[in-house]
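# sequence unavailable; structure follows:
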């Protein structure tokens, strides 16, 4: 798949259901747990809560949501790639956008159990700066930091 087929655009609520389906499927595969929130609550969170503090962008292949990122100048809140489209560069492209908009430093959390995400972030310059359980899933998590060279 060539990079031209992947379009990154600002999130729009017309993509809400597709984005949440992709997000829930990707997260469930990554951590081995079902989402605790209802689909409707997840859509509400995406459309009303997340945009208060974060810029949200989605990656489209055709008219299908292949990935999403929510970030601001200091942190990445969410980064999920559709299970069918992992490993083709979408995550890197979304991550690069967040890095360009950052203050030269970004932090994020990922679940300790999510080995693919940990490998991905470490490959792209993030280092572990903390560990804890600061999530509603009550799973061990890892805080990462990236600092621009």
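Looks like it came in fine. On a predicted model such as this, the values are computed, not experimentally measured, just so you know.
# which ones are touching the residue lying closest to residue 94 once chain neighbours are set aside?
Counting by Cβ to Cβ, 6 or more residues apart in numbering, residue 94 lies nearest to residue 69, which is 4.1 Å off, once chain neighbours are set aside. C-beta: built from backbone N, CA, C; applies to glycine. Residue 69 is in contact with 56-57, 76, 78-79, 94-95, 97-98, counting by Cβ atoms under 8 Å, 6 or more residues apart in numbering.
# specify the local secondary structure of residue 18.
The three-state label given to residue 18 by DSSP: H, G, I helix; E, B strand; the rest coil is helix.
# grab the nearest non-local neighbour of it.
Leaving out its chain neighbours, the residue that sits closest to residue 18 by Cβ to Cβ, 6+ apart is residue 65, at 4.2 Å.
# now name the helix or strand holding that neighbour.
For residue 65, the host element (DSSP states H and E) is strand 64-71.
# average pLDDT across that strand?
Summarised as a single mean, pLDDT over strand 64-71 is 98.
# returning to what we had before: for residue 46, see how far away the residue nearest to residue 18 is.
Between residue 65 and residue 46 the distance is 11 Å, computed by Cβ to Cβ, to the nearest Å.
# mind listing the shared neighbours of those two?
Here residue 65 and residue 46 share the contacting residues residue 19, scored by Cβ under 8 Å, 6+ apart.
# helices or strands next to the helix-or-strand element of the chain with minimal mean pLDDT in the packing?
Ranking every helix and strand in the chain by mean pLDDT, DSSP states H and E puts strand 127-132 at the bottom, with a mean of 92. Contact here means 3 or more Cβ pairs under 8 Å, 6 or more residues apart in numbering; DSSP states H and E; on that basis strand 127-132 packs against strand 141-147.
# next, the buried residues of the strand it packs on.
Applying a neighbour-count criterion of 16 or more other Cβ atoms under 10 Å, one finds 141-146 buried in strand 141-147.
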